[in-house]
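Colleague: Give the three-dimensional model of this entry:
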Amino acid sequence: MPKIEIKSSDRVFVTGRTGSGKSVLVQKLIIPQLTNFVIYDYKHEIDVPGAELFGAIGDFKRRPNKRQIIYRPSIGSDEEFDALCRQVFYRGNNTLVLDETLFHCQPGRITPHHSLIMRLGRSKGVGIVNCTQRPRDIHNNVISQCEHFFIFDLTQDTDRKKVADFCGPQLLTRFGDKEFHFYYYNVKDKSPAFCRPVRL
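Modeller: Next up, the predicted model:
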């Protein structure tokens with residue numbers, strides 16, 4: 001596997017079918033490289049030792065200067081999500097990790113501050129990790145602005161075609177018996193690298 005370095009201001013895209021290895025990669029490879037982060041835990045399933053649990057936007061004011069946060073939404077509306085993106089953007093020097101981007105982002109719909117992080121986050125040291133099972137259904141702003149791509153096995157031809165358009169024709173083929181393997185692509189590279197699984 002190539003040496004993969006993720007900075008706090010980087011934009012990352014992680015995709016693959018359910019059970020392909022996305023969550024393990026994020027928790028074992030990406031999050032340990034981040035000093036300040038906010039994880040949007042829509043399904044209330046993520047646990048990172050030492051991280052603070054927030055359940056309302058007001059927690060950012062009531063409990064300032066927390067470096068590692070898991071945000072579990074109380075409602076999960078687009079408005080609450082956009083308010084979280086706004087907090088992350090103006091907080092500066094931190095990374096937003098989205099467990100499932102598709103909950104609040106589709107081809108014709110992206111919230112204003114999610115878009116702001118994608119377009120202008122780097123200027124404030126703000127990065128983002130967008131994870132999804134279905135890249136075909138994600139707004140193009142998300143994929144086109146990313147520097148790092150982690151692509152696990154995708155079952156649908158349309159999903160493979162979407163990532164292949166950005167990362168290379170290797171992504172058009174399924175992985176066969178290579179369970180938990182993934183392609184890593186950096187926009188500075190000529191082609192993606194096929195990588196062994198990240199271990200627990």
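
Colleague: which stretches of this protein form strands?
Modeller: With DSSP state E, the ranges of strands along the chain come out as 11-15, 37-40, 52-54, 68-71, 95-98, 105-106, 109-110, 127-132, 148-151, 182-186, 193-195.

Colleague: Which secondary structure elements does the fourth one sit against?
Modeller: Under the contact definition 3 or more C-beta pairs under 8 Å, 6 or more residues apart in numbering; DSSP states H and E, strand 68-71 sits against strand 37-40, strand 52-54. Any C-beta I mention is one placed from the backbone N, CA and C, and that applies to glycine too.

Colleague: which helices and strands sit right next to the shortest one?
Modeller: It stands for strand 52-54. Of the remaining helices and strands, those touching strand 52-54 by 3+ C-beta pairs under 8 Å, 6+ apart are strand 68-71.

Colleague: The strand it packs on - which strands sit beside it in the sheet, and in what orientation?
Modeller: Here strand 68-71 is paired, per DSSP bridges, with strand 37-40 (parallel), strand 52-54 (parallel).

Colleague: Give me the buried positions along the last one.
Modeller: Of the residues in strand 52-54, those with enough neighbours to count as buried (16 or more other C-beta atoms under 10 Å) are Phe54.

Colleague: which residues are contacting that strand?
Modeller: Residues from elsewhere that reach strand 52-54 (C-beta atoms under 8 Å, 6 or more residues apart in numbering): 60, 63, 66, 68-72.

Colleague: got the CA positions of stretch 49-65 in PDB?
Modeller: Taking C-alpha atoms only, stretch 49-65 is exported to PDB below (Å, rounded to 0.1, in the frame of the first residue of the first chain):
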ATOM      1  CA  PRO A  49     -12.300   6.600  22.500                       C
ATOM      2  CA  GLY A  50     -11.700  10.100  24.000                       C
ATOM      3  CA  ALA A  51     -14.100  11.900  21.700                       C
ATOM      4  CA  GLU A  52     -16.800  14.200  23.200                       C
ATOM      5  CA  LEU A  53     -20.400  13.500  22.400                       C
ATOM      6  CA  PHE A  54     -22.500  16.400  21.200                       C
ATOM      7  CA  GLY A  55     -26.200  16.200  20.600                       C
ATOM      8  CA  ALA A  56     -27.100  19.800  19.700                       C
ATOM      9  CA  ILE A  57     -25.600  22.700  17.800                       C
ATOM     10  CA  GLY A  58     -25.600  24.700  21.000                       C
ATOM     11  CA  ASP A  59     -23.000  22.300  22.500                       C
ATOM     12  CA  PHE A  60     -20.300  24.000  20.400                       C
ATOM     13  CA  LYS A  61     -20.900  27.200  22.400                       C
ATOM     14  CA  ARG A  62     -21.500  25.500  25.800                       C
ATOM     15  CA  ARG A  63     -18.500  23.300  25.500                       C
ATOM     16  CA  PRO A  64     -15.900  25.300  23.500                       C
ATOM     17  CA  ASN A  65     -12.400  24.100  22.600                       C
END
